[in-house]
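[1] Generate coordinates for the sequence data below:
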Amino acid sequence: MYGAYWCSHCHDQKELFGKQAVRELNYVECDPNGANPQVERCRAKGIKGYPTWEIKDQLYSGTRSLSELSQLSQYTGPMNFKNQ
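    Residues are numbered from 1 along each chain as shown. Here you go, the predicted structure:
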């Protein structure tokens with residue numbers, strides 16, 4: 001997930017995952033003032049808005065439901081998501 005520390009939609013997206021699961025995300029900070037920024041990586045990918053998901057070499061912009069992300073990523077684990 002590409003995002004920025006100030007992005008309210010990124011915050012909402014992380015909230016859907018919950019505190020424990022969000023630690024498992026591969027998060028890329030795109031703002032140079034954020035923690036561990038990877039600005040050049042974001043530019044190279046052409047990231048224009050946040051959050052942007054990269055799943056199987058495809059980019060998906062905007063907040064996505066956990067069900068949609070699981071389908072896009074072909075997630076096969078438990079699907080009893082607490083937050084929808």
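[2] Where do the helices of the chain begin and end?
    With helices called from DSSP state H, the chain shows them at 8-17, 19-22, 39-45, 66-73.
[3] which of the ones you listed has the lowest average pLDDT?
    Here the helices of the chain differ in mean pLDDT, and the lowest is helix 19-22 at a mean of 86.
[4] before we move on, the earlier item: right, and the helices of the chain - which one's nearest Lys56?
    Of all the helices of the chain, it is helix 66-73 that lies closest to Lys56, at 7.3 Å by CB to CB. (C-beta placed from N, C-alpha, C; glycine too.)
[5] tell me the most buried of the helices of the chain?
    Comparing the helices of the chain by mean neighbour count (mean count of other CB atoms under 10 Å), helix 8-17 comes out on top with a mean of 16.
[6] Let me see the residues that make contact with that helix.
    Contacting residues not belonging to helix 8-17 are listed as 1, 3-4, 22, 25, 50-51, 62-66, 83-84 [CB atoms under 8 Å, 6 or more residues apart in numbering].
[7] rewinding a little: need the helices of the chain in TSV (columns: distance to Lys56).
    Output for the helices of the chain, formatted as TSV (distance: least, CB to CB, whole Å):
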stretch	distance to Lys56
helix 8-17	18
helix 19-22	20
helix 39-45	14
helix 66-73	7
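[8] if we can go back for a sec, biggest separation within the contacts of helix 8-17, which pair?
    Pairwise distances across the contacts of helix 8-17 peak at 24.6 Å for Ala4 and Gln84 (criterion: CB to CB).
[9] Could you count how many residues lie near Ser65?
    Neighbourhood size, Ser65 [other CB atoms under 10 Å]: 13.
[10] Quick check: it vs Asp12, distance?
    Distance of Ser65 to Asp12, given as CB to CB, to the nearest Å: 11 Å.
[11] Which pLDDT value belongs to the residue lying closest to Ser70 once chain neighbours are set aside?
    Excluding the flanking residues, the one nearest Ser70 by CB to CB, 6 or more residues apart in numbering is Met79, at 6.5 Å. Met79 is assigned a pLDDT of 78 by the prediction.
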